[in-house]
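# sequence first, predicted coordinates after that:
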Amino acid sequence: MRVGFPSTVVIGICVVLFVCLSVGPSALAGDFSDAAVGKAIEKGVKFLYSKQKADGSWDDPGGGGLDIRGNDRHVGGAGLNTYALLAAGQKVADPRIVKALGWLEKQRTWWTYAVSLRAQAYMEATKQNTKYARQLYRDAQILIKAGGRGPKAIGSYGYRLDGAADQFKKSDPSNGQYGVLGVWGAHQFGREVPRQYWLAVMNYWRRMQQSDGGWKYGGGDKHSSGTMTAAGLATMFVCVDAALYSRYTHCKKTEELTVLKKAIEWFDRNFPKTLTDENLCHGGHGGMYYYLFGVERVGLASGLRYFGKADWYKIGARWLLSQQQANGSWKGRYGETTSTAYALLFLSRGQKPILLNRLEYDGDWNNRPRALANLCRWSREAFEQDVNWQIVNLRVPVSEWHDAPVVVITGSEAPKLTDEHVKSLRRYVLEGGTIFSVTECKGEGFSKGIREACKKIFPGRELKELAPDHKLYTAHARLPEKIKLSILSNGARPLVIHCETDIVLDWQMNRRVTQKDSFDTAANVAMYATGKHLRHRGADHWTRRRAGRTEKTVRLVRLKHEGNYDPEPLAWHRVARLVGLQCKVKLEVGGPVAISELAAAGAQIAALTGTTALKLTEAEKAGLKKFVQGGGLLVADAAGGWLGGGREFARTGEDTIELMFGRRSLRTLASHSPLYKRKGYEITRARYHRLTKLRLGAKEPRLKAVMVGDRIGVLFSREDLTVGLIGCRPVGCDGYTPESAYEMARNIILHVADKGK
């Protein structure tokens with residue numbers, strides 16, 4: 001697959017990517033959206049199907065080995081296209097996919113690209129239907145036999161797997177990476193691969209690594225290239241996961257493999273330049289789409305979000321969106337279908353949800369470097385989709401962490417966290433995240449240190465050991481008593497979950513059968529915190545864009561009371577960002593203030609929430625009543641909902657409001673209320689958390705209101721709004737989904753903006 005790269009394409013890439021890189025990664029946060037990427041994937045899928053032949057194959061040869069003549073050259077292309085379609089979310093039962101897989105099975109081929117790419121298609125198919133594992137194992141066996149069996153195993157591949165055609169025997173890094181990919185696909189689904197195979201592969205890539213840490217295609221190349229360095233680094237990660245996982249069983253500092261360290265440093269130094277320098281990008285080999293596929297594999301395997309300071313997915317996705325043709329294709333050296341398949345693999349695999357962040361901090365945070373990679377591969381079945389992980393650090397804005405709903409902190413020694421680090425962790429959690437900390441190697445220093453850190457992050461709250469009947473122990477699977485969990489909660493959702501059992505060791509060792517409880521624990525934590533609702537990479541639930549010109553202003557203050565009055569301090573701040581962008585209304589959020597200070601706050605809306613019993617003095621009741629009768633709107637909800645921690649607030653809140661405004665004054669707001677029927681912002685149905693749907697079986701909003709004359713003076717919800725407004729969907733929450741919670745908050749703001757005080 002040695003090819004040239006058209007100079008016009010290189011110039012276009014240089015211009016677009018120079019702009020991307022010159023503004024820096026943080027400035028790219030809003031440059032492409034989850035919806036835009038989804039639309040591009042949809043168009044690309046449609047294009048690939050449009051080029052499929054009636055027998056299930058494609059004419060465009062693709063990755064079948066471009067120097068080959070005859071039908072073999074189409075097998076690799078069909079394998080690549082089928083792999084891309086399945087990775088992009090197509091169903092294995094789709095008749096078009098059935099035809100493609102059926103055609104592939106009938107082909108007899110000994111070309112490396114063809115067999116390995118067909119194996120990748122079978123790997124994706126096996127995720128949906130295990131009947132395809134047989135074909136996957138068959139191709140893997142061919143690849144193992146050719147590349148890594150026997151004392152003289154070369155650990156790599158040439159174009160041919162059967163020893164025929166001498167001119168195709170010589171191994172090269174491109175064939176080498178694809179051959180290993182096929183074997184790795186089978187290994188993930190239980191195919192036993194001799195350790196000798198992985199060691200042979202590692203030895204080959206070690207020998208081929210250049211002094212600068214990169215790899216090049218062949219002896220005639222002058223420089224290490226991005227395409228081959230991506231190939232080498234991704235392959236080495238595969239080998240480490242398969243053969244060297246036991247290097248990291250203790251908490252004594254284990255040196256990172258030199259071959260990995262040097263290769264990552266090469267990417268850190270050169271990644272921006274690979275995107276604008278033809279020779280450094282691919283050294284005359286592969287082209288940009290081929291290269292981006294390798295970049296995506298390195299990014300996902302390593303968990304690295306950045307190469308140097310460059311966010312690989314944002315930059316790559318932005319460029320791909322700019323290059324897509326009107327018919328949904330991408331044009332490249334190997335033809336439209338091959339380029340489109342590589343583009344789809346980058347966009348769709350890279351966009352998969354980030355389940356977990358791993359926090360890099362000053363301390364022994366990385367004792368088991370491959371633990372989360374193994375855990376996320378296992379989690380595919382639990383979450384019924386592929387999930388990824390990434391490493392985040394305390395040097396970047398917290399907004400860069402929000403791809404994942406949970407950040408994992410591990411270690412055996414006390415983490416060294418500055419006041420700024422504490423602020424970052426607090427901000428992440430208050431914007432909807434959850435911390436999951438795990439003590440490794442029975443490290444008392446870490447256990448003590450994380451508890452002290454929690455006190456700083458959330459003053460007044462503390463980690464408490466959970467009772468065995470807590471929902472966290474059964475969110476996904478029932479956990480045994482040996483798993484010791486503690487939780488720090490705001491009364492409505494988990495803020496920090498801590499595990500004293502060293503389950504990370506079992507993730508590192510990939511003991512998914514013998515120590516399944518350790519994997520189930522992580523799944524329980526993730527499901528309890530998210531309700532199994534994950535965001536795509538790049539989806540921004542906490543928008544960073546600033547509103548432009550606003551037409552109206554509404555002032556809201558949050559109220560204090562004796563109980564747990566501020567479980568989610570930033571909930572209304574998130575609403576303010578969204579209504580500013582979408583509705584051109586400026587929502588000023590103040591407080592929390594004492595009810596005695598409400599009259600002087602100049603607010604049109606007063607927000608009252610909590611989880612514990614609402615206890616108001618007579619003076620406070622009188623102050624609230626005066627505010628409402630004077631034209632203000634009181635909005636109150638039980639954070640967490642009736643069954644999710646807010647029952648006492650719901651019960652006492654309703655009683656208090658009726659004592660203030662009269663018995664039976666609090667009535668369910670009619671579904672035809674103007675609040676719900678705003679033109680352009682109609683609310684025709686409510687969406688509830690699963691717990692609420694089971695309890696209510698309702699599809700209509702359930703806000704209750706006190707009418708003051710012909711206007712709404714009080715809105716009350718025993719179903720949660722507050723946690724929904726922060727963008728969270730924890731398992732134990734009883735109330736509205738984030739989408740519905742925001743819609744109602746939005747309409748409340750617009751209602752007040754129209755009416756004035």
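Sure thing, it's come through. The structure presented is a predicted model; accordingly, all values stated were derived computationally and were not measured.
# list the contacts for Ser379?
Contacts for Ser379 (C-beta atoms under 8 Å, 6 or more residues apart in numbering) come out as Leu355, Val387, Phe519, Ala522, Ala523, Ala526. (Glycine included, C-beta is placed from N, CA and C.)
# SS state for the fifth one?
When the structure is reduced to helix, strand and coil (DSSP: H, G, I helix; E, B strand; the rest coil), Ala523 reads as helix.
# give me the pLDDT value at it.
We have a pLDDT of 95 for Ala523.
# OK, contacts around it?
Ser379, Ala382, Phe383, Ala475, His476, Ala477.
# go with 7 Å
Ser379, Ala382, His476, Ala477 (C-beta atoms under 7 Å, 6 or more residues apart in numbering).
# buried subset of these?
Ser379, Ala382, His476, Ala477 (16 or more other C-beta atoms under 10 Å).
# from what I can see the third one touches Asp520, true?
Yes: using C-beta atoms under 7 Å, His476 is in contact with Asp520, at 6.1 Å.
# give me the contacts around the helix or strand containing Gln390.
For Gln390, the enclosing helix or strand under DSSP states H and E is strand 388-393. Strand 388-393 is touched from outside by 300, 303-305, 352-360, 372-373, 376, 400-401, 403-404, 407, with contacts defined as C-beta under 7 Å, 6+ apart.
# out of the residues you listed, which sit inside strands?
If you go by DSSP state E, the contacts of strand 388-393 have Ile354, Leu355, Leu356, Asn357, Arg358, Leu359, Glu360, Val407 in strands.
# per-residue pLDDT of the last one, please?
Among the per-residue scores, Val407 holds a pLDDT of 96.
# distance check, it against Ser50.
Here Val407 is placed at a distance of 42 Å from Ser50 (C-beta to C-beta, to the nearest Å).
# and the two? Which one has more around it.
Remark: of Val407 and Ser50, Val407 carries more neighbours, 21 against 11, as counted by other C-beta atoms under 10 Å.
# can you report how many residues neighbour Ala341?
The number of residues packed near Ala341 is 32, by other C-beta under 10 Å.
# I figured it hits Thr82, correct?
No: counting by C-beta under 7 Å, Ala341 sits too far from Thr82 to count as a contact (8.9 Å).
# element containing Ala231?
Judged by DSSP H and E, Ala231 forms part of helix 226-243.
# ramachandran angles for Gly590?
Reported as degrees, to the nearest 10, the phi and psi values for Gly590 are phi -120, psi 170.
# may I ask which helix or strand of the protein has the lowest mean pLDDT?
In the chain, the helix or strand scored least confidently by mean pLDDT, DSSP states H and E is helix 7-23, which has a mean of 36.
# next secondary structure element downstream of that one?
Using DSSP H and E, the next helix or strand after helix 7-23 towards the C-terminus is helix 34-50.
# which residues touch the next helix or strand after that following helix?
Toward the C-terminus, helix 34-50 is succeeded by helix 72-87 as the next helix or strand (DSSP H and E). Under the contact criterion C-beta under 7 Å, 6+ apart, helix 72-87 has outside partners 45, 48, 57-58, 60-65, 92, 97, 100-101, 103-104, 107, 109, 111, 113-114, 117-118, 120-121, 124-125, 337-338, 341, 344-345, 348-349.
# before we move on, the earlier item: PyMOL command for the buried members of the contacts of strand 388-393?
The buried subset of the contacts of strand 388-393, as determined by 16+ other C-beta under 10 Å, is captured in PyMOL by this line:
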select buried, resi 300+303+304+305+352+353+354+355+356+357+358+359+372+373+376+400+401+403+404+407
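# which stretches of this protein have low pLDDT?
Along the chain, the model assigns pLDDT under 70 to residues 1-32, 60-73, 148-153, 163-169, 219, 277-286, 544-548, 756-757.
# centroid-nearest residue for it?
Ile354 (2.0 Å; C-alpha atoms, centre = their mean).
# can you name the residues that contact it?
Contact analysis of Ile354 by C-beta under 7 Å, 6+ apart lists Asn388, Trp389, Gln390, Asp403, Ala404, Arg537.
# and these, which two are the farthest apart?
The most widely separated members of the contacts of Ile354 are Trp389 and Arg537, with 10.9 Å between them, by C-beta to C-beta.
# who has more neighbours, these two?
Taking other C-beta under 10 Å, Trp389 and Arg537 do not tie; Trp389 has more neighbours (24 against 21).
# can you tell me, leaving aside adjacent residues, what's nearest to that one?
Leu372 (4.3 Å; C-beta to C-beta, 6 or more residues apart in numbering).
# quick check: the one you found touching Leu359?
No: in this structure, Leu372 is not within contact of Leu359 by C-beta under 7 Å, at 11.1 Å.
# overlap of the contact sets of these two?
Joint contacts of Leu372 and Leu359 (C-beta under 7 Å, 6+ apart) are Val408.
# in terms of helices and strands, where is the closest residue to Glu256 other than its chain neighbours?
In this structure, Glu256 finds its nearest non-sequential neighbour in Pro369, 7.5 Å apart by C-beta to C-beta, 6+ apart. Taking DSSP H and E as the definition, Pro369 sits outside all helices and strands.
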